[in-house]
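Participant: A predicted structure for the sequence below; I have some questions about it.
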Amino acid sequence: MKPQNLIALLLFVVGAVWALTRSERTVRNIQSSYYSAISPFLKSGAAIETKAFDFIQEVEHSKKWEMKYKLAKEELDQRRMEVAHLRKLEAENTHLNQALKFQENVPFHVIAAKIIRRQPSTWWHTVTIDRGDKHGVGVQLPVLSPEGLVGKIDAPSKDTSTVILLTDEKCQVSAKIDGTPEAGIVSGLRDTAEGSPHLLLRFLSKDANIKPGMLVLTTGRGGLFPADILLGTIKTFEPGPLFGEALVEPAVDFKALKTVFVKIPKPLTSVREIGAATANSTGR
Amino acid sequence: MNKYHFSLILLVLAACMAQQFSPAIATLFGARILILPLVYLCCCVCVDFASMLLLAFICGFLWDAQHTLGAQGGDSTIYADPVESLRFGYSMILYAMMGLFMQFMQPLFRKAKWHTSTILAGVGIFSYLFAEYLLLNFVRGDFTFPPSVLYRIYLSSALTMFASPFIFWIISQLASSYHYNIRYEGLRQKFRYID
């Protein structure tokens, strides 16, 4: 082997060993810096994506209206368009009202966040949200939706955060079955098809009386998630030699998620607090 | 290291940014175009061994910075059976292995037509994803290989490989702009120094 190749190989091995032996904290710092660097691209990309989606919808609607134009009078079409627009506004208003009510009704502090990127990696079930360190979002904080638990924060950066979804094998939640003394650990399955993500509830009693349709809730144990948050409903139960396992249908429709809520320790109310948080996040 | 190599590093960084906007296609089992691995693979064919390792380090570093998951967290008495993840840095090794494969294949590219190069890039991506999934099974235990995984790997490779002629075209343009002569010698000639 040429000397320069040998030196390159040695340097590479040293570099790889350096990377593999980094502590959790160092890796988190590297990831935070990386996401801080790319967050402007992510945010502007998400905005362009939304505009493109609106444009495509607009084009599709235009084609439909053109078809109808041939069948009905111009005035009638105009009215229909107005009604369609109002319905869209009404639906949007209902959605925002639900989000607002959820934010007002939950017994803890939450901050609303928009999903700006879905499943960026091949194997992990994650999404990226537009809230980060400077909004008070920290690692391991629970992420919720009005329907139930969504997941937890995995890697917060200054402006954005990665959320590991409940459907990922890595996201484990202490859970109980409503109306029974049964409790266990819920996690995602290693690789479920995109259309039907199910959860697995393990460590149940092998002779437990569990029926399909029963609600699965968080226990609040383990220090990560608040108690009595809906996770899903029992689909099937399989008694094993030592423990029983149940397949759970998630309460949240992960494909339709647009807005989520991050449970934060306390809200950043004043401009001063937000400024301090920003300074802390940039100073890391 | 010359301007051509710097331009390839910039191309890799651009690919990393473009990767952010490559969505998973739900109807194709979550398959996606893997832009960064593809650009890396194509670059590996067009550089020498030392530059390939440098690119493997950069790409692996960026990939892991984006994808590495954090620790389990929570009370260890409740979550007594934590799920392991791939460590930061593993991608560097995978990328280097992938690059080594492409370096071995380099002579095939010398007089190859575009479809040979495309298929080889597809094989490289397939091997990479397959190795990554095997590694994931190894660290987490309980080997499972459902058909959806095979479809995802296969479709991701297929989608990605169709983009490879375009990447090769960009690299050849960069090489001609900076008067760099791509040699496609492969590793065989260099390995004779071991004997």
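Facilitator: Happy to help now that I have it. Being a predicted model, the structure only gives us computed values, none of them experimental.
Participant: quick one: secondary structure of A:Lys211?
Facilitator: Secondary structure assignment for A:Lys211 (DSSP: H, G, I helix; E, B strand; the rest coil): coil.
Participant: contact partners for it?
Facilitator: A:Lys211 makes contacts with A:Ile234, A:Phe237, as judged by C-beta atoms under 8 Å, 6 or more residues apart in numbering or on different chains. Where you see a C-beta, it was placed from the backbone N, CA and C, and this is true even at glycine.
Participant: try 7 Å this time
Facilitator: Contacts for A:Lys211 (C-beta atoms under 7 Å, 6 or more residues apart in numbering or on different chains) come out as A:Ile234.
Participant: quick check: most distant residue from the centroid of chain B.
Facilitator: Computed with C-alpha atoms, centre = their mean, the residue of chain B farthest from its C-alpha average is B:Thr77, at 38.9 Å.
Participant: got the confidence number for that one?
Facilitator: Listed pLDDT for B:Thr77 reads 79.
Participant: what backbone torsions are found at it?
Facilitator: Dihedral angles phi and psi of B:Thr77 (degrees, to the nearest 10) take the values phi -80, psi -30.
Participant: any idea how far it is from A:Ser174?
Facilitator: According to C-beta to C-beta, to the nearest Å, B:Thr77 stands 10 Å off from A:Ser174.
Participant: please apply the same query to B:Tyr90.
Facilitator: Taking C-beta to C-beta, one finds B:Tyr90 at 29 Å from A:Ser174.
Participant: now swap in A:Leu149 and tell me
Facilitator: With the distance defined as C-beta to C-beta, A:Leu149 ends up 11 Å from A:Ser174.
Participant: same question for A:Pro146.
Facilitator: 22 Å.
Participant: and these two? Which one has more around it.
Facilitator: Comparing A:Pro146 with A:Ser174 by other C-beta atoms under 10 Å in any protein chain shown, the one with more neighbours is A:Ser174, at 22 against 18.
Participant: so what's the more buried one scoring on pLDDT?
Facilitator: pLDDT at A:Ser174 comes out at 92.
Participant: check B:Leu129 too.
Facilitator: You'll see B:Leu129 listed with a pLDDT of 91.
Participant: now swap in B:Leu34 and tell me
Facilitator: Looking at B:Leu34, the pLDDT reads 91.
Participant: does it touch B:Leu159 like I think?
Facilitator: No. Between B:Leu34 and B:Leu159 there is no contact under C-beta atoms under 7 Å: 8.3 Å.
Participant: who's more crowded, these two?
Facilitator: Each of B:Leu34 and B:Leu159 has its neighbours counted (other C-beta under 10 Å); B:Leu34 has more, 24 against 19.
Participant: and the closest residue to the more buried one other than its chain neighbours, what element?
Facilitator: Nearest residue to B:Leu34, sequence neighbours excluded (C-beta to C-beta, 6 or more residues apart in numbering or on different chains): B:Thr160, at 4.9 Å. Applying DSSP states H and E as the criterion places B:Thr160 in helix B:147-161.
Participant: roughly how far out does that helix sit from the chain middle?
Facilitator: Helix B:147-161 sits 14 Å away from the centroid of its parent chain (C-alpha atoms, centre = their mean, to the nearest Å).
Participant: how about stretch A:258-266?
Facilitator: 10 Å.
Participant: if you count neighbours, what's buried in it?
Facilitator: A:Thr259, A:Val260, A:Phe261, A:Val262, A:Lys263, A:Ile264 (16 or more other C-beta atoms under 10 Å in any protein chain shown).
Participant: find the residues that touch each one of A:Leu149 and A:Ser174.
Facilitator: Common contacts of A:Leu149 and A:Ser174 (C-beta under 7 Å, 6+ apart): A:Thr218.
Participant: returning to that earlier point: quick one: the helix or strand following the helix holding B:Thr160 to helix B:147-161, angle?
Facilitator: Note on helix B:147-161: by DSSP H and E, the next helix or strand toward the C-terminus is helix B:164-177. Following axes from the mean of the first three to the mean of the last three C-alpha atoms, to 10 degrees, one obtains 40 degrees for the angle between helix B:164-177 and helix B:147-161.
Participant: so which elements touch helix B:164-177?
Facilitator: Applying 3 or more C-beta pairs under 7 Å, 6 or more residues apart in numbering or on different chains; DSSP states H and E, one finds that helix B:164-177 contacts helix B:3-19, helix B:35-45, helix B:114-140.
Participant: where does pLDDT dip in chain A?
Facilitator: Along chain A, segments meeting pLDDT under 70 span A:77-78, A:191-196, A:267-284.
Participant: quick one, longest helix in it?
Facilitator: Determined from DSSP state H, the single longest helix within chain A is helix A:24-71.
Participant: domains of chain A?
Facilitator: What automatic domain parsing lists as the domains of chain A is A:26-105, A:110-263.
Participant: in a markdown table: those, plus distance to B:Asp81.
Facilitator: Shown next, in a markdown table, are the domains of chain A (distance: least, C-beta to C-beta, whole Å):
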| stretch | distance to B:Asp81 |
| --- | --- |
| domain A:26-105 | 22 |
| domain A:110-263 | 7 |
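Participant: so which of these is the most packed in?
Facilitator: Ranked by mean neighbour count, these are led by domain A:110-263 with a mean of 20 (mean count of other C-beta atoms under 10 Å in any protein chain shown).
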